[in-house]
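**Q** Starting from these lines, generate the structure:
(chains A and B)
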Protein chains: 2
Amino acid sequence: MVVYNFSAGPAVLPTEVIKRIKEDLPSFDNSGMSVMEISHRSNLFDEVIDQAQQDLKELLQVPDDYHVLFFQGGCTLQFTAAPLNLATEHKKIALLDSGHWADRARDEASRLGIEVDVIDSTKNLHYTQLPALKDLPQDTYDYLHITTNNTIEGTAYNRLPKTGNTPLVADLSSNFLAQDYDFSKFDLMMVGAQKNVGIAGLTIVVVKDDLIGKAKNLPSMIDYELFAKKNSMFNTPPVFAIYVAGLVLKWVKEQGGVKEMDRRNRKKSDLLYDFLDDSKLFTAPVMKQDRSLTNVPFVTGKPELDQELIQQASEVGLLNIKGHRSVGGMRASLYNAMPYIGVEKLVDFLNKFEKDYWGKH
Amino acid sequence: MVVYNFSAGPAVLPTEVIKRIKEDLPSFDNSGMSVMEISHRSNLFDEVIDQAQQDLKELLQVPDDYHVLFFQGGCTLQFTAAPLNLATEHKKIALLDSGHWADRARDEASRLGIEVDVIDSTKNLHYTQLPALKDLPQDTYDYLHITTNNTIEGTAYNRLPKTGNTPLVADLSSNFLAQDYDFSKFDLMMVGAQKNVGIAGLTIVVVKDDLIGKAKNLPSMIDYELFAKKNSMFNTPPVFAIYVAGLVLKWVKEQGGVKEMDRRNRKKSDLLYDFLDDSKLFTAPVMKQDRSLTNVPFVTGKPELDQELIQQASEVGLLNIKGHRSVGGMRASLYNAMPYIGVEKLVDFLNKFEKDYWGKH
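**A** The predicted structure is shown next:
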């Protein structure tokens, strides 16, 4: 059975990428070794990592004064790394509380004894819209932290907040390379790879050079300066995950880059949102101006009916549409590798489910 | 060409494991998804991670009061994690300086402001033998840190130091499951997977329950208590790397477990050491009582000749025998997945190289 995997992450990869991974086993590039067995100090791997960095910078169209760094530990470790590396002057950061992952960033920074000012929060609205940034006081914060796309709540910044001279640090994990931004507006981007750039176990940090080197004597594995100097190879990097990311980046380039991904993802998510908004059974709770292109939560309002729907969907190959345990209902993640036909199948299924429901009620 | 990969890590994997990874693409366990695309919150992955933990405990034959935790960031991150989690009473640790990685552990702990007493060092002997532990003062240190096998220097503890009541914390990365120990003597084992347990990007920590929960308010990604509570899934774990580790652990069990690996590795390393000791051209610099089963450094004493040898070896498929840049010469890593025939081929090659050399000199 052909399946469509709507998982929020780890998530579907392009079929061409899976095919290539399989073809590269057991011998990568005629080396007689798989990519899992090659030394990170080899020429073979140098080519892989250098090409991935180059492709990423090309896709983001950021100037030369950005470094692409590869870490481990997810954005959760970056929630520790970013404040330790950057919050050196004011020892105070600002944060827009847009949901679970923004709150996690707040929590990790707070544990370090760094002051976190939550400038605005939409918690009391169940995060169905985004917090706003009015005038950010200048020369007060080492940076502003935002989450561009809220995986669980299904919101995304369609316009970036204006921070003046305060650096903008963003967790882009769930709409990175899937929604188009002027990426040069970010001073630091942190990205968990397992949604749009590959597999779990790789964290990408794209950081402006002038933010590097502010802190000294940090634990090595979160030291931006050290990682920049050692080309992300102070110790053994996650070789296979970087190789997969390289394949995905190449695929995004071949598809037409971030603008084309954005166009396709709008088309995919419009199809689903339009259906949900017209439906008498389903509700998409997020305010229209803040809706995510990549994560679409929806509910029937009846938990048992949601459960039945998720089960039936799974039986016809529409997998992992269960909402996050903290919000319930359903969620369809429409990352870059999800084809349009997958969303069509989902909408057809939901349509039929609704008709059957009204037939019985 | 059949190649033999003597890389120190990332290193050769069992051919059966590579074959299985390939077979599991593009659909893992008839799910229609590859293992790289499945959610870490799925039943599919629960089985993978639970089985890996169970197999590892079985292989180590440790009692029930040990937790198996999966981290990211290598032992370098554990060099930060272990002192922050464990050095809470005396805020002081003891360390045996047996080489590069022991010194790295010292450095990372020192950065945290934790006092590190280097009890003994063999640095002045170029680490060609191991530092000794005489009487460790009791009730003085939160733990003693050792490196059971020194990947770069080629030494290994064949008998574990007696620490009395002081917990023994060990970095076993390069001889884990390759050399037999009474693993219940360790209070904490830290292991980078990319040598004997799979691919880079996974760090295994096996820790006694009574060492968990001593520290509060740590960064989540290094918090042993949190990882124990969340079964290593506080955030997205490196799913693919855990899957590969599971395959390798299953393979080690099928081969006969750690005792059998130890027996085979002794046979492999004896073959190479015996040749080197008999040779008039090559020297194995490590004292016999401290020699590693898994990493065998050797030199000709002539850097240009070493270079020529490494090149010629590579041309006949004996790959990655270049020594670490800090010590030069050659190094053959004979991890579990290196078959006996690979070592035979290497010895044959070295033998022929030596004969050719004496023919010309």
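**Q** burial of A:N165, as a residue count?
**A** Neighbour count of A:N165, defined by other Cβ atoms under 10 Å in any protein chain shown: 7. For every residue, glycine as well, the C-beta is placed using N, CA and C.
**Q** what secondary structure does it sit in?
**A** coil (DSSP: H, G, I helix; E, B strand; the rest coil).
**Q** Next, count neighbours for the residue nearest to it when sequence neighbours are not counted.
**A** Distances taken as Cβ to Cβ, 6 or more residues apart in numbering or on different chains put A:Q138 closest to A:N165, at 5.6 Å, once the chain neighbours are dropped. Other residues near A:Q138 come to 10 when the count uses other Cβ under 10 Å.
**Q** Could I get the contacting residues of A:Q138?
**A** Contacts for A:Q138 were tallied using Cβ atoms under 8 Å, 6 or more residues apart in numbering or on different chains; they are A:164-166.
**Q** got the phi/psi numbers for it?
**A** phi -90, psi 160 (degrees, to the nearest 10).
**Q** tell me the contacts of the nearest residue to A:T203 once chain neighbours are set aside?
**A** Excluding the flanking residues, the one nearest A:T203 by Cβ to Cβ, 6+ apart is A:F71, at 4.3 Å. Shown in contact with A:F71 (Cβ under 8 Å, 6+ apart): A:77-78, A:81, A:202-205, A:221-222, A:227, A:232.
**Q** Sitting in strands, which of those do you find?
**A** A:203-205 (DSSP state E).
**Q** Go through those and say which is closest to B:L160.
**A** Each of these was checked against B:L160 using Cβ to Cβ; the closest is A:T203, at 35.6 Å.
**Q** circling back to that earlier point, tell me the pLDDT at the residue nearest to A:T203?
**A** According to the prediction, A:F71 has pLDDT 98.
**Q** Excluding sequence neighbours, find me the nearest residue to A:D182.
**A** The shortest distance from A:D182 to any non-neighbouring residue, by Cβ to Cβ, 6+ apart, is to A:L160 (7.5 Å).
**Q** A:L168 contacts A:K162, doesn't it?
**A** No: counting by Cβ atoms under 8 Å, A:L168 sits too far from A:K162 to count as a contact (9.0 Å).
**Q** Among the two, which residue is more densely surrounded?
**A** Between A:L168 and A:K162, A:L168 has the larger neighbour count (other Cβ under 10 Å), namely 21 against 11.
**Q** hey, what's the more buried one bridged with?
**A** A:L144 (DSSP bridges).
**Q** Now do the contacts for it.
**A** Taking Cβ under 8 Å, 6+ apart, we find A:L168 in contact with A:143-144, A:146, A:160-161, A:185-188.
**Q** Let's see that with 6 Å instead.
**A** Each residue near A:L168 by Cβ atoms under 6 Å, 6 or more residues apart in numbering or on different chains is listed here: A:144, A:186-187.
**Q** Relative to B:G198, how far out is A:L13?
**A** Distance of A:L13 to B:G198, computed by Cβ to Cβ, to the nearest Å: 20 Å.
**Q** Okay, and A:V296 sits in which element?
**A** Using DSSP states H and E, A:V296 maps to strand A:295-298.
**Q** now swap in A:L271 and tell me
**A** Element membership of A:L271 [criterion: DSSP H and E] is helix A:257-278.
**Q** which residues touch that helix?
**A** For helix A:257-278, the surrounding residues in contact (Cβ under 6 Å, 6+ apart) are A:59, A:177-180, A:282, A:284, A:293, A:296, A:298, A:334, A:336, A:340, A:343, A:347.
**Q** Just the buried ones among the residues you listed, please.
**A** A:59, A:177-180, A:282, A:284, A:293, A:296, A:298, A:334, A:336, A:343, A:347 (16 or more other Cβ atoms under 10 Å in any protein chain shown).
**Q** From these, pick the one nearest A:P238.
**A** The closest of those, once distances to A:P238 are taken by Cβ to Cβ, is A:L177, at 18.9 Å.
**Q** just so I have it, where are all the helices in chain A?
**A** Secondary structure of chain A by DSSP state H: the helices cover A:15-23, A:43-60, A:74-86, A:100-111, A:224-229, A:239-255, A:257-278, A:303-315, A:340-360.
**Q** Can you give the strand pairings for the strand holding A:V296, parallel or anti for each?
**A** Partners of strand A:295-298 in its sheet, by DSSP bridges: strand A:330-333 (antiparallel).
**Q** Next, the buried residues of the strand it pairs with.
**A** For strand A:330-333, burial by neighbour count (16+ other Cβ under 10 Å) applies to A:330-333.
**Q** Out of the buried ones among the contacts of helix A:257-278, which comes closest to chain B?
**A** For the buried ones among the contacts of helix A:257-278, the minimum distance to chain B (Cβ to the nearest Cβ) is 13.1 Å, reached by A:N336.
**Q** doesn't A:N175 make contact with the closest one?
**A** No: if you go by Cβ atoms under 6 Å, A:N336 and A:N175 don't touch, sitting 9.7 Å apart.
**Q** Show me the residue of the stretch 251-361 of chain A that gets nearest to chain B, please.
**A** Going by Cβ to the nearest Cβ, chain B is nearest to A:N320 of the stretch 251-361 of chain A, at 5.9 Å.
**Q** got a list of what that residue touches?
**A** Residues near A:N320 by Cβ under 6 Å, 6+ apart: A:5-7, B:39.
**Q** Near chain B, which residues of chain A? Just list them.
**A** Contacts of chain A with chain B, taken as Cβ under 6 Å from any Cβ of the partner chain, map to A:3, A:5, A:7, A:10, A:12-13, A:18, A:22, A:25-26, A:32-34, A:36-37, A:39, A:72-74, A:76-77, A:80, A:111, A:194, A:199-201, A:217, A:219-221, A:235-236, A:238-241, A:320.
**Q** ChimeraX command to pick out the buried ones of the residues you listed?
**A** To isolate the buried members of these in ChimeraX, using 16+ other Cβ under 10 Å:
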select /A:3,5,7,10,12,13,18,25,32,33,34,36,37,39,72,73,74,76,77,80,111,194,199,200,201,219,220,221,235,236,238,239,240,241,320
